[in-house]
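J.: Got a sequence here, can you build the structure:
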Amino acid sequence: MTNKNYTIFRRNYEGTISKKLEIEKEEFHSDYYETKQPFGLAIFGGLMFLSALYIMLLKSHILYGFLIITIGLFFIYGGLKRSKLIFRISKNGIWTDEFGFIYFRHIERFEFYRYIGKHSSERLKIYIKNYKIYKMEKPFLEQQISHIDNYGNLKNILDNALKTANNRNKNQF
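T.: Got it, this is the predicted structure:
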């Protein structure tokens, strides 16, 4: 799905669910962040920055000095930037950076896929019940999880949370 289809899903999902989304009241018990870059990247960028300053102080190659400073600053930024929150799990549903909050009662199942090749990645497919209501082209939403830190036990946590939510919904009726 493209970003346009994600926004269409989000708008239709929020428009058709019976209960208003109250994400602020949710208590999330599992948070998954983007993998942090190694601190060595910032050290490497700092060394590049200092060497560029030395080159510029000698006034031999000022243009090269500016170029190396720019590259060094990118490395420093990459090594020091804060991790972004990607995925959260509560007792009522999941929140993803791409799709927002989705209740477990609207999720059919989760599937994990590993794509191996030139651009290997691991993805989570979230199959939605009655996906045509939300005007989706495919019956699932796809979330990349290979860049999430400590996602090893994510499959068990999601399966248990989905079973618990489904049992809770059956008991209510």
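
J.: and this protein, what are its domains?
T.: Split into domains by automatic domain parsing, the chain comes to 3-35+84-172, 40-80.

J.: Which one of those domains has the poorest average confidence?
T.: Among these, domain 3-35+84-172 has the lowest mean pLDDT, at a mean of 78.

J.: returning to that earlier point: turn the domains of the chain into JSON lines, columns for mean neighbour count.
T.: Yep, even glycine has a C-beta here, placed from its N, CA and C like the rest. Below are the domains of the chain laid out as JSON lines (neighbours: other Cβ atoms under 10 Å):
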{"stretch": "domain 3-35+84-172", "mean neighbour count": "14"}
{"stretch": "domain 40-80", "mean neighbour count": "15"}
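
J.: can you give me the helices for this structure?
T.: Along the chain, counting by DSSP state H, helices occupy 3-16, 40-57, 62-80, 154-172.

J.: Other residues contacting the first one?
T.: Applying Cβ atoms under 8 Å, 6 or more residues apart in numbering, the external contacts of helix 3-16 come out as 1, 21, 98-100, 102, 106, 133-137, 141.

J.: how about a cut-off of 6 Å?
T.: Under the contact criterion Cβ atoms under 6 Å, 6 or more residues apart in numbering, helix 3-16 has outside partners 100, 133-136.

J.: Same check on the last one?
T.: Residues from elsewhere that reach helix 154-172, judged by Cβ under 6 Å, 6+ apart: 30, 89, 104-105, 110, 112.

J.: Identify, from these, the entry nearest to residue 36.
T.: residue 30 (17.8 Å; Cβ to Cβ).

J.: circling back to that earlier point, of the contacts of helix 3-16, which belong to strands?
T.: residue 100 (DSSP state E).

J.: Any chance of TSV for the contacts of helix 3-16, columns distance to residue 164?
T.: As requested, the contacts of helix 3-16 are exported to TSV (distance: Cβ to Cβ, whole Å):
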residue	distance to residue 164
100	21
133	24
134	24
135	29
136	25
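
J.: nearest to residue 43, of the contacts of helix 3-16?
T.: Set against residue 43, the nearest of the contacts of helix 3-16 by Cβ to Cβ is residue 100 (37.2 Å).

J.: and the nearest residue to residue 40 once chain neighbours are set aside, how far is that from residue 150?
T.: Once flanking residues are discounted, residue 40 sits nearest to residue 79: 7.2 Å by Cβ to Cβ, 6 or more residues apart in numbering. For residue 79, the distance to residue 150 equals 20 Å [Cβ to Cβ, to the nearest Å].
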